Each structure stands twice: as C-alpha cells, then as structure tokens.
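S.K.: sequence first, then the predicted structure, then my questions.
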Number of protein chains: 2
Amino acid sequence: MRGVSVLAVLGRGVLPAGTPFIRADDLGLSRGDGIFETMHVRQGQPWLLAEHLKRLFLSADRMDLTPPTEEQLTQLAHEACAVWDAQTEGALKLVVTRGPDGENEPTCFATIVPISEVTKAARDTGVHVTTLAYGYPASAREDAPWLLGGVKSLSYAINMATLRWAAARGYGDALWLSSDNFLLEAPTASLVWLEDDVLFTVPPTGSGILAGVTVQHAFERAGELGLSADYRMINLDEIFEVDGAWLLSSGRGVAPIRSVNGITLRSSDIQLRELLGF
Amino acid sequence: MRGVSVLAVLGRGVLPAGTPFIRADDLGLSRGDGIFETMHVRQGQPWLLAEHLKRLFLSADRMDLTPPTEEQLTQLAHEACAVWDAQTEGALKLVVTRGPDGENEPTCFATIVPISEVTKAARDTGVHVTTLAYGYPASAREDAPWLLGGVKSLSYAINMATLRWAAARGYGDALWLSSDNFLLEAPTASLVWLEDDVLFTVPPTGSGILAGVTVQHAFERAGELGLSADYRMINLDEIFEVDGAWLLSSGRGVAPIRSVNGITLRSSDIQLRELLGF
C-alpha cells in the first residue's frame, strides 16, 4: 500500500497517517467542494510555501470559502514536515474543504507522501503526451467565474479521467486542447516551452488555466540561464516548431516533453531542472 | 447542526451518523474521484432504486471504476432505510469512491438526510431561475468521454459554485446555457417543459447532461396525464413560449419554474407533482 505517510489535521496536530477523520457529510467529499495545494518537500521543508498559500487564498476567494489564516496553514505545513524524513523527497498537500454540511466550519489538513519513482524518472526520461479536447474555447471561463477557471479545487474527476485516457493509449500525460485549438495545460502540470532565448507559458488570464507556482518561480529566475520569460497562447501546430517544451509541477518538478501525439519535439539542453533544484 | 442523519458503510453496516470513517488519501476526497446517486425515501423505502443503480453503473463504467454489485448496493440502501423514520421524507445518497490511493478498493456508503423545508416549499411556490453560461457548446462532451458528460461524479465544485452565484443574485436556481445558446440542465436538477400536450426534456445524447431518473419516470407515466413525451434541444428564447416548465430531481421532486432571468413563464396546471407522488 502507498497510502498517506504523514497526516496533520488543523486543530488536532499530527495523527497516524491512516486515521479516518472525515465524515460522510463533509462537502469536500460529497461535492468536491474544497481547494488544495501541493508543494515539494526538500530537505524537510515545504518549497515555495508562501507562493502556494497565495494561490490557495486566491482559490478560496473564488470559491467563496473562508480558509484558515496564513499563520495557521504555515504552522500546519511545518508540523507535518517536522515528522517527515528530511532525506526523502516528498509532496505536501494542503487541503481546505467547506467542512460538514451546514456547519460552516472548514476542514483543513496536510498530508505528505513520497515522490514516486515513476515521477522522478520522468525528469530524466521525459514524457510522451497526447492532446485531448477540453471542450471549452480558451476564453470561456474568463467571464463565467462559476466555472472556476484558475481555481485548484478538489473536483479533479475530469483531470483524473483525462490522465486515464492518456495512459490507456500509452501516453505518459495529456495536454488539454481548447476548442479553438490552443494548448492549455496538463491535468496536473503547466506547459512551458522555449523559443530562441525566451521561455514561454500560457497566460492564466483569458485561458482559465491554473497559474503555475513552479512556472512562476522558473520565470523569476530565467535570467540565471540567460533567458527571458513571457506569456502567449500557442496552438497545436506551433508546438512542433519550438526549441524545447516541458511539463512543470510541484511534485515532478521539470519533465521534458519528448513528443506530442507521436511527433517528436526538439529538445533543449537548458538547465531548467537544475535551476529549480530537481 | 444538520449533518447526516443515517450512515451505513458497505462492509460495516449502520454507524452513528457523525462517525469519521474516510481517510485523507481516499481519492473521493482528494480528487473528487467517485460517483453518487441521490434518491427519494418515501414510506421508508428508496424510490426508483433500481433505476438509480442503473445510472450509477453507467457512471462507474464511464469512470472506469469497479462498483460493488447491484445486490450489495441494494442491501446497503435497505440497511440505511431500516433505521430511518418511515414518516419522514428523506434523500438517500449512495456514494462509491475510488477508495484510498493505491489500494484499488472502492469506498462505498449510504447516507439519508431529511428533505429540507426550503426544498419542500419550492414544490408549491416554484422557483425563479437565472441562466448561467456553461462554457461548452452543447455537443462538446459527446466525443470527449474524459470530460465525463452524463456522469454523476463527486466533482461538483462547479455545480455548487453555480448555485452560489445564482443565490447571490437572488435566484433560487440556475439553468446552464451552452455557448451555442441551448438550455442544458440545472446543477442538481433536470429541465422539463410542456408544449401543447407534449412533455419535453433535453436529450442526454449529444448534450452531455445527466439523464434524469425522475424525468424518465415522469416520461414513462405521461400518458396518465393525457400527455406524450419527447426530447429536443431548446434555446433560451424558446423557453418563454412554452406552456409550463419545471425542475425535476429526486429530492425536490417537481418544482415549477416561475421565471427565467426575471421574465415570467406561463404556468400549467398539469398534475405532474401529484403523478410523481411529491
């Protein structure tokens, strides 16, 4: 069993990882009505914690959910990390649900699990991805905030189904393609690519995608690789012309995209992975 | 506190309703990765149980999830009903999640809660609804099964957000409008309307909506009201020309739609509510 390796519950502290503590009427369970953040645990510390909390508060605001304070969440993350083996790479997940139905009291907890060997291997071997339709035109969620664009909610059934469909066809991941032919993001990762000396990603504004915390950090430090960083929409044909492309997320870090729909991409030797310490 | 009134867990039987029994790594919680059905409990019995189970198995198939058997689920529903006050109208929810991560063992439970007074009142008073964009064109999910059209998954964050947006604007419910201007469904109910002597609803095939169990039952019995029943797409303008419109769902039963976007609809005196025993 993989299971949860560390569990810390707000207000209760660290509990045995397999402790059942969620009720049937918790809206996080019954309605996927909650938010989360996942971050890398390195040397026993949550990496980019403040940045992840900033995005969590944005998700909470868009979900009309009152989260615990930054101080409470920071303390919870550190409580969990304190009982985690500092030599092991981990993924720390902070979850805030709307809590039991009718009680107006969010449920909040943190878990840490080891980064899987498959995930680590993809940093070296890269990943072959397929595109799968996302149904929406890229701008659909911009003026419809109830569609929760840019929100990292617990309602990931479509994300998981997309990954299952990709895996069933022999692909390691998927990129969602908008109905107007723009590449958006992967179900649990952001798309980054290189053109000449510029790193690009999809603009969160106007596309409904989740603003990548790992991407943002890479963008802030792109100068260290002699690169600049910018945002633009990219259509499917264009990805075959770029100088390199990657999936970025907090757990996997950086995984080169080897091919899209079976067509090999150019690969780049820029030291993105090393820059981010994966 | 409202909370859960009855809880029965597959393999464990009836437990005190507030028992925490779900782990942090249950994929139903962490990914909204599970399915459910809600049905009406009348005279202590689950109404249309077999029909709801049929839809649950369809959801399971589309989610590549192995549910318990029909016999197990039927028994679980009856176990829950056995400790429910037969004089009280209830909503029985059957939930099947993908279970704890990596264990390949679904979590399955049933809850029963009372039908709220607000819900009951809407059967008489009706409901004022607003339309809210759904982003997709009506056919978007037809050839993209990973978007989970027609699946009743636990990932209801968008459904809940849509209801919050409607409520914040003073509406009792919302109807999703496709980007090509077709009315689809409400976040937790189906749309039914009357034209002359024909009851209509939106065709599940080609629209991605959930096939309504209560609607299907009404359609099978429409002849008792001297009506026939049929399926067609309806655009927003057309709803103002129909002879009556209703929201149907298992808990509320039948609620007349009084207005859409502030414009009053015609009302009909057909005995739809009485036909369905609400």
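M.R.: Now that the structure is in, tell me what you want to look at.
S.K.: now the residue lying closest to A:Val202 once chain neighbours are set aside. Its backbone dihedrals?
M.R.: Nearest non-adjacent residue to A:Val202, counting by Cβ to Cβ, 6 or more residues apart in numbering or on different chains: A:Ile209, 5.6 Å away. The way it works is simple: take the backbone N, C-alpha and C, and place the C-beta from them, glycine included. Main-chain dihedrals, A:Ile209, degrees, to the nearest 10: phi -70, psi 170.
S.K.: ok, A:Ile209 touching A:Leu148?
M.R.: No: if you go by Cβ atoms under 8 Å, A:Ile209 and A:Leu148 don't touch, sitting 11.7 Å apart.
S.K.: of these two, give the one with the bigger neighbour count.
M.R.: A:Ile209 (24 against 21; other Cβ atoms under 10 Å in any protein chain shown).
S.K.: give me the pLDDT for the residue of the stretch 1-150 of chain A at minimum distance from chain B.
M.R.: Per Cβ to the nearest Cβ, A:Gly32 is where the stretch 1-150 of chain A lies closest to chain B, at 3.1 Å. Model confidence at A:Gly32, given as pLDDT, is 98.
S.K.: how many neighbours does it have?
M.R.: Neighbours of A:Gly32 using other Cβ under 10 Å come to 28.
S.K.: which parts of the stretch 1-150 of chain A are helices?
M.R.: A:27-30, A:49-62, A:70-82, A:117-125 (DSSP state H, counting those that start in this stretch).
S.K.: who wins for proximity to B:Glu238 among the ones you listed?
M.R.: Among the helices of the stretch 1-150 of chain A, the nearest to B:Glu238 by Cβ to Cβ is helix A:49-62 (32.7 Å).
S.K.: which other residues reach the closest one?
M.R.: For helix A:49-62, contacts defined as Cβ atoms under 8 Å, 6 or more residues apart in numbering or on different chains pick out A:35-39, A:46, A:65-67, A:70, A:73-74, A:77, A:94, A:96, A:145, A:148, A:150-153, A:210-211, A:213, A:216-217, A:250.
S.K.: how about 6 Å then?
M.R.: The contact list for helix A:49-62, computed with Cβ atoms under 6 Å, 6 or more residues apart in numbering or on different chains, reads A:35, A:37, A:39, A:67, A:70, A:73, A:77, A:151-152, A:213.
S.K.: hmm, the residue of the stretch 1-150 of chain A closest to chain B is touching A:Leu154, no?
M.R.: Yes: A:Gly32 is in contact with A:Leu154 according to Cβ atoms under 6 Å; the separation is 4.6 Å.
S.K.: okay, and the common contacts of those two?
M.R.: B:Gly32.
S.K.: spit out the contact partners of A:Ala8.
M.R.: So A:Ala8 contacts A:14, A:76, A:79-80, A:110 (Cβ under 6 Å, 6+ apart).
S.K.: any idea how far it lies from A:Tyr171?
M.R.: Distance of A:Ala8 to A:Tyr171, given as Cβ to Cβ, to the nearest Å: 35 Å.
S.K.: can you say which of the helices of the stretch 1-150 of chain A is packed in most?
M.R.: Among the helices of the stretch 1-150 of chain A, helix A:27-30 has the highest mean neighbour count (mean count of other Cβ atoms under 10 Å in any protein chain shown), at a mean of 27.
S.K.: next one: that one to chain centre, how far?
M.R.: Computed by Cα atoms, centre = their mean, to the nearest Å, the chain-centroid distance of helix A:27-30 equals 21 Å.
S.K.: CA atoms of that helix as PDB?
M.R.: Only the C-alpha atoms of helix A:27-30 are listed here, as PDB (Å, rounded to 0.1, in the frame of the first residue of the first chain):
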ATOM      1  CA  LEU A  27     -18.700  18.800   1.500                       C
ATOM      2  CA  GLY A  28     -15.100  18.200   0.400                       C
ATOM      3  CA  LEU A  29     -16.100  14.600  -0.100                       C
ATOM      4  CA  SER A  30     -19.800  14.800  -1.100                       C
END
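S.K.: and that helix, what does it pack against?
M.R.: helix B:27-30 (3 or more Cβ pairs under 6 Å, 6 or more residues apart in numbering or on different chains; DSSP states H and E).
S.K.: distance to B:Phe57 for the helices of the stretch 1-150 of chain A - can I get that in JSON lines?
M.R.: Below are the helices of the stretch 1-150 of chain A laid out as JSON lines (distance: least, Cβ to Cβ, whole Å):
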{"stretch": "helix A:27-30", "distance to B:Phe57": "20"}
{"stretch": "helix A:49-62", "distance to B:Phe57": "33"}
{"stretch": "helix A:70-82", "distance to B:Phe57": "39"}
{"stretch": "helix A:117-125", "distance to B:Phe57": "31"}
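S.K.: okay, buried residues for stretch A:235-249 please.
M.R.: Within stretch A:235-249, the residues that count as buried by 16 or more other Cβ atoms under 10 Å in any protein chain shown are A:239, A:242, A:244-249.
S.K.: what's in contact with it?
M.R.: A:181-182, A:186, A:188-190, A:192-195, A:212, A:214-215, A:254-257, A:260, A:263, A:265-268.
S.K.: fine, thanks again, bye for now.
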